[in-house]
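Student: Test case, fold it:
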Amino acid sequence: MARWLAGQGFERVSILEGGIAGWRATGLPVASLRGAARGTVECAGAAAPAVAEEPAPFLPSLAARYLLDGGLPARRRLTTLFVDIAGSTRLLAHHPPERVLGVVQRFMQLVTEVALAYCGDVKDFEGDGALLYFESPAEAAQAALAIQASLACGACADENPVQARVSLTVGDVVVGVIGSTMRQAIALVGPSVSVGARMLKQVSPGGIIASGEVVEVLRAEAPEIAVQFQLLDPAFEVPGLDGMTVPTYVVPREPAATAGALTSEQRG
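Tutor: The predicted structure is shown next:
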């Protein structure tokens, strides 16, 4: 946020330690960021900034800051958000790959803009999905809800409306550089990342699933968001993690999304 304000021309910008929780503790008001100065796309209460004119750096800005703060690898408590397009395999089977690429590009553009609007970042894109990460669970949840709301009112859609699944987990994550001097990338390693990837397929298209730990934090830091999550499973056994169980909560697909539901041929 401080970097965004500085980029808009503000000369005296200070950082309050403690993030959104520290801000709330002072009694100051908290509200969602509604896009950048270059314009917004208003949709069902959600907004995302317009695409920047300059090429974006390949090194994620949060990872870049960790690198400047003391180098990588670095251990941070992060909220990770997995998102993918529901039904993309069937979409590819019934349409030319060029058209599918256009759908995926519009989807990834939306996801990226929402991540940056809520002070998060994109770790990487893979196939029809992306991994985002945030320092604040509340901001990650706001981003998830913004993606859900935007898709529910037709963002990214042509004649093939798009739905997505979203998962949210929080935990200690090691951020590091992997690869060789010829090609490198940022890696996020931690149990919460693995859990989030496996939780993603447990929610219906258009829905959001979150671990119990995320919802606990939201109840303390953003109760108005926490109330939107409903208990799904008090002891979900995470596939492939040796009997690990976590409570899961969901925000079901918004009613408006039914108008843009995938056809039976497109559901995954």
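Student: Please point out which parts of the strand ranked longest in the chain sit buried.
Tutor: As assigned by DSSP state E, the longest strand anywhere in the chain is strand 164-180. Buried residues in strand 164-180, counted by 16 or more other Cβ atoms under 10 Å: 164-171, 173, 175-176. Every C-beta, even on glycine, is put in place using the N, C-alpha and C of the backbone.
Student: Helices of the stretch 51-200 of the chain, start to end?
Tutor: 61-70, 88-94, 97-117, 137-152, 191-199 (DSSP state H, counting those that start in this stretch).
Student: which of those helices is buried the deepest?
Tutor: A comparison of the helices of the stretch 51-200 of the chain by mean neighbour count, using mean count of other Cβ atoms under 10 Å, puts helix 137-152 on top with a mean of 26.
Student: Which strands and helices lie in contact with it?
Tutor: The contact analysis (3 or more Cβ pairs under 8 Å, 6 or more residues apart in numbering; DSSP states H and E) places helix 137-152 against strand 74-85, helix 97-117, strand 129-134, strand 164-180, strand 208-211, helix 212-221, helix 223-226, strand 245-251.
Student: State the mean pLDDT of that helix.
Tutor: Taken as a whole, helix 137-152 carries a mean pLDDT of 95.
Student: Determine the angle, from 0 to 180 degrees, between that helix and strand 74-85.
Tutor: 10 degrees (axes from the mean of the first three to the mean of the last three Cα atoms, to 10 degrees).
Student: Same list as before, the buried residues of strand 164-180 that is, but in TSV and with distance to Arg99 and pLDDT included.
Tutor: Listed next are these as TSV, based on distance: Cβ to Cβ, whole Å; pLDDT from 0 to 100:
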residue	distance to Arg99	pLDDT
Ala164	18	94
Arg165	22	96
Val166	24	97
Ser167	27	98
Leu168	30	98
Thr169	33	98
Val170	37	98
Gly171	38	98
Val173	36	97
Val175	36	93
Gly176	37	92
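Student: Closest one to Gly120 out of the residues you listed, please.
Tutor: Within the buried residues of strand 164-180, proximity to Gly120 (Cβ to Cβ) peaks at Leu168, which comes in at 11.3 Å.
Student: any chance of the helices and strands packed on helix 137-152 in CSV, with distance to Ala144 too?
Tutor: Shown next, in CSV, are the helices and strands packed on helix 137-152 (distance: least, Cβ to Cβ, whole Å):
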stretch, distance to Ala144
strand 74-85, 6
helix 97-117, 9
strand 129-134, 9
strand 164-180, 5
strand 208-211, 5
helix 212-221, 10
helix 223-226, 9
strand 245-251, 8
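Student: between these, which gets nearest to Ser61?
Tutor: Of the helices and strands packed on helix 137-152, nearest to Ser61 by Cβ to Cβ is helix 97-117, at 8.3 Å.
Student: re the thing from before, quick one: which of the helices and strands packed on helix 137-152 is nearest Ala63?
Tutor: Here strand 164-180 is closest among the helices and strands packed on helix 137-152 (Cβ to Cβ), at 5.8 Å.
Student: Who does that closest one pair with, and is each partner parallel or antiparallel?
Tutor: strand 74-85 (antiparallel), strand 183-189 (antiparallel), strand 208-211 (parallel) (DSSP bridges).
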